[in-house]
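Novice: I would like to see how this sequence folds:
(chains A and B)
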Amino acid sequence: MLAADGTPLKESLGRALRRQKIRALALVAPLLLFVLLTFVIPIVSMLVRSVENQIVSDTLPGTVAALSSWDRQEGATPSEDVFQNLFFDMFNAAEAKEHTKLGTRLNYENTGLASLFRTSGRSMDDIGEVFQDAIEDADARFEDGAFWHEMMSGEGGDALVADRRARWENLTGEPMSGDIGYVPSQDIIVLLPETAAAYTDFAIWTAIEDNDVVAEEDPWEAVYAALAVDLRDPSRAAAIAEYSGAGADALQALTATEMPTLTFTDAFAEMDEDWLTPGVWQTVDVYSSNYTSGYFLNSVDRELTVDGVEARPENERLYIKLFGRTLWMSLIITSSCILLGYPVAWLLANLPVRTANVLMILVLLPFWTSLLVRTSAWKVLLQQQGVINELLVWLGFVDDANRLILMNNSTGTIIAMTHILLPFMILPLYSVMKTVPPTYLRAAKSLGATNWTAFWRVYFPQSVPGIGAGSILVFILAIGYYITPEIVGGTDGVFISNRIAYHISRSLNWGLAAALGTILLVLVLALYWVYDQIVGIDNVKLGG
Amino acid sequence: MKFTKPILATMALGLSAGSVSADGHMASDMTLVSWGGAYQQSQINAYADPYVANNSGVTVTWDESSAEAVAKLRAMNEAGSITWDVVDVVAADALRLCDEGLAMEIDADEMLAAAPDGTSASDDFGDLLVGDCFIPQIVYSTTFGYRTDMVPDGVEPPSNICDVFDLETYPGMRALEKRPINNVEWALLCDGVAKEDVYDVLATEEGQEQALAKLGTIRDSVLWWSAGADTPQLLADGEIFMGSTYNGRLFAAIEEQGQPIGMMWDAQVFDLDGWIIPEGLSDERLARALDFVHFATDTQRLADQAKYISYGPARLSSAPLVGKHATLGIDMAPHMPTDPDNAANTFLYNYEFWADYRDDIDAKFQAWLAQ
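Specialist: The predicted structure follows:
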């Protein structure tokens, strides 16, 4: 069949429909984009944050690789190779000021590592200087940046530059692209591999981060240390003797002199004895993988140790208790909202419109008041010298010496939150009750039902969808509350969200905060599913 | 972090408004971050207003976010858009920002003004230059205030830190901050630990348990506060007999509001508050920030701040210049935490120790609170 313009009808219809779809999509696009940016992406990034842990292997790449052959269970002090890698990794990290971040991260797992990394970072130069002094004493040409540049430069070392560039990028999280005015010589890479790597690190940083010309700058202390490490290899002397590239004679002069015998193990031990404790290395090793379950384990009062997952000591368990308390108190708050909200909603739905409107304004009024103001008002009411206690004492119900403790405990949280969340219960209930025809109740009564039977058998079942909608709203809002519990909750009225807020803004342990948040999200989804199974989500109505 | 960075960067698009260069070298507007309230007002009076008067055309915007400054700066850094120029933080936060690479390193002698007599800035600030990024401003203390009308008859008003733990002689509620810092030190001090040993003891499991056990003896009589304004309010309402808070808050309650509150300076804990400059500012904004900080932390400016609030200036050379309160007209020196009469027995916040142990002891403290 053909359309008026001769194209097949099916095709023409398809085109028209497609145009409609595109138009519809364009209309919802702003909202879609908004939801994507402000809702989906933050949640996804939170999920990622709760497991991601690249910081250890990004900051200490060589050390982590060297540690892979270390037996963490046995817990001996690692080999010199590990400490040597640690020196070069830490040196770069300290240049980029990344070592303290790693210290902060590992301090969450092992107290004391923050200052260990912070103070050690400052001493990296001192270790390097031991070698620098010896090398410069042996041949003064090594004091000159241009000499170094000439000695190290050549052809064929692009792969090394690319490799070290990638390391810097991992370390700083920033692109390190751009010309560095230096290509290592392939011969030097073979002859002095550690030196070539360290000098390339220096060259990349100097050219790209400091915006300086590599040939004009004196190399870092780490480059001298790397040269000393290369010279320690007894097989090198012969190769250097045969070497004929730039600076060959200076290198040959070095092989003839005595180099410092300082080991990196001793250097680190002298800096801080804690570097020899196996506990430090076990923490580094356990948390060296790119993704970790550590944050999630912490959020359920467990911890990752060398022997696998273990429960935390009794005096550090907190989160499971808080999750339990949050769920339990949210349930209580939801129930009290139903108990208090149901009669109000019934009144609203059944009074004459004029009176109902006035009442409705009273229900909505708290919505127009700031949450902080409402909570602070409760403080004035509930405290021991507050309005309620004063009134009770004045009326003689309560003895002046034994005033009621209504806040700074769970009672305070329940009272204040029930009040704050009440409108979220009343409004869905009201809109559902509005749709229940009053004739049903009259019919029931005319058929002989008592008031109670008429309500319970006829009216109540029809209002259940409102209760469902209200409960879901109140419960989900309650579970994530933190301002109100923080102000009136004292110690036994605070929720898990208060800890999440603490880890976001005070301890800066965002990984743990993300894990706690993720668990909370999963709990809510699970409860939603349970609700769907028992009550049925079709049974929820937000209005007529 | 690698994954989240570009996302946050896209989200921050459009949030960063580049400031315009005024004279080609310095940005013409500047965002200062502080704590709000009387403290921020004292900074406006002593620093910002005179600065703007000297540099016409500069607009200063205030942001009251210092309490969450570390978290917000980290988020800004990840989003690649720093909107703050100079940030007021406590020294412990300055250390953390420095550790995280979020604050700029400071060369005191190069960037800050010398004292009028020529003493270099680093000598004038002395030990108060904590860490590499911190520009000290004031010394404040966390100390106790008590209701003078609730002192039992025939008993001396509390004058010793251990009176806080003495429920027999001084019955009534106390308010303590809802975190271990300061509280555990006071607890150990009153549990027979010598002052110089406090941190060695606290570094051990047993020491931490000992401190919590001592706090446990008054636990039923403690309200835990989390905002500095809580304690003065609780004292004013008669909810508590004594409570810890910042000395400037107590000064305001006693002298400005005339509340029946007494100061108990024993074992007050000194802490520092000051400026940091975020890492990653553009050259123009950095020049403006440095110019402001140079001005705002000179000897006269620091002394001026003490006219408005009872916190001690961080420079040695400012102390003799401290005068009278701007509106009350009372002598400010006796109200300074650093006044010799008040500073008979003091602590200095141990930054190194708490940088390491903060999370660990806090976890135990919170678990203990939740029991």
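Novice: When you work out contacts or count neighbours from here on, use the C-alpha atoms and nothing else.
Specialist: Fine.
Novice: tell me which parts of the stretch 51-200 of chain A are close to chain B?
Specialist: Applying CA under 8 Å from any CA of the partner chain, one finds that the stretch 51-200 of chain A approaches chain B through A:52, A:54, A:97-98, A:100-101, A:104, A:107-108, A:111-115, A:118, A:173.
Novice: how about 10 Å then?
Specialist: For the stretch 51-200 of chain A, the residues in contact with chain B (CA under 10 Å from any CA of the partner chain) are A:52-55, A:96-104, A:107-118, A:170, A:172-174.
Novice: Buried ones among those residues?
Specialist: With neighbours counted using 16 or more other CA atoms under 10 Å in any protein chain shown, those contain these buried positions: A:52-55, A:96-104, A:107-118, A:170, A:172.
Novice: host element of the residue of chain B most remote from its centre?
Specialist: With distances taken as CA atoms, centre = their mean, the residue sitting farthest from the centre of chain B turns out to be B:G154, at 36.6 Å. Under DSSP states H and E, no helix or strand contains B:G154.
Novice: if we can go back for a sec, so which of the buried ones among the residues of the stretch 51-200 of chain A next to chain B sit within helices?
Specialist: A:55, A:99-104, A:107, A:113-118, A:170, A:172 (DSSP state H).
Novice: residues touching the residue farthest from the centre of chain B, list them.
Specialist: Counting by CA atoms under 10 Å, 6 or more residues apart in numbering or on different chains, B:G154 touches no other residue.
Novice: now it: how far from chain A?
Specialist: The gap separating B:G154 from chain A is 21 Å, by CA to the nearest CA, to the nearest Å.
Novice: again, but for B:F251
Specialist: 23 Å.
Novice: burial count for that residue?
Specialist: 23 (other CA atoms under 10 Å in any protein chain shown).
Novice: which SS class is it?
Specialist: Recorded secondary structure, B:F251: helix (DSSP: H, G, I helix; E, B strand; the rest coil).
Novice: Tell me where chain B has strands.
Specialist: Using DSSP state E, the strands of chain B run over B:29-33, B:59-63, B:86-90, B:135-147, B:174-177, B:222-225, B:242-246, B:261-276, B:312-313, B:346-348.
Novice: quick revisit: could I get the phi/psi values of the residue farthest from the centre of chain B?
Specialist: When read as degrees, to the nearest 10, the backbone of B:G154 gives phi 80, psi 10.
Novice: any idea of the pLDDT on it?
Specialist: Confidence at B:G154, expressed as pLDDT, is 91.
Novice: do the same with A:S123
Specialist: The model's pLDDT for A:S123 equals 90.
Novice: Who are the packing partners of the host helix or strand of it?
Specialist: If you go by DSSP H and E, A:S123 is part of helix A:113-138. Where contact means 3 or more CA pairs under 10 Å, 6 or more residues apart in numbering or on different chains; DSSP states H and E, helix A:113-138 is packed against helix A:80-95, helix A:99-107, helix A:221-232, helix A:248-256, helix A:264-271, helix A:278-286, helix B:91-99, helix B:351-370.
Novice: would you turn those helices into CSV with mean pLDDT and distance to A:L371?
Specialist: Output for the helices and strands packed on helix A:113-138, formatted as CSV (pLDDT from 0 to 100; distance: least, CA to CA, whole Å):
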stretch, mean pLDDT, distance to A:L371
helix A:80-95, 95, 45
helix A:99-107, 92, 35
helix A:221-232, 93, 57
helix A:248-256, 88, 73
helix A:264-271, 94, 53
helix A:278-286, 93, 43
helix B:91-99, 91, 29
helix B:351-370, 91, 25
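Novice: which residue packs closest to residue 294, ignoring adjacent ones?
Specialist: The chain I'm using is chain A. A:L304 (5.9 Å; CA to CA, 6 or more residues apart in numbering or on different chains).
Novice: The chain in question should be chain B.
Specialist: B:L112 (4.8 Å).
Novice: who's in contact with that neighbour?
Specialist: Taking CA under 10 Å, 6+ apart as the test, what B:L112 contacts is B:106, B:120-122, B:135, B:290-291, B:293-298.
Novice: Now the closest residue to B:I361 other than its chain neighbours, what are its backbone angles?
Specialist: Nearest non-adjacent residue to B:I361, counting by CA to CA, 6+ apart: B:P180, 6.9 Å away. Main-chain dihedrals, B:P180, degrees, to the nearest 10: phi -70, psi -30.
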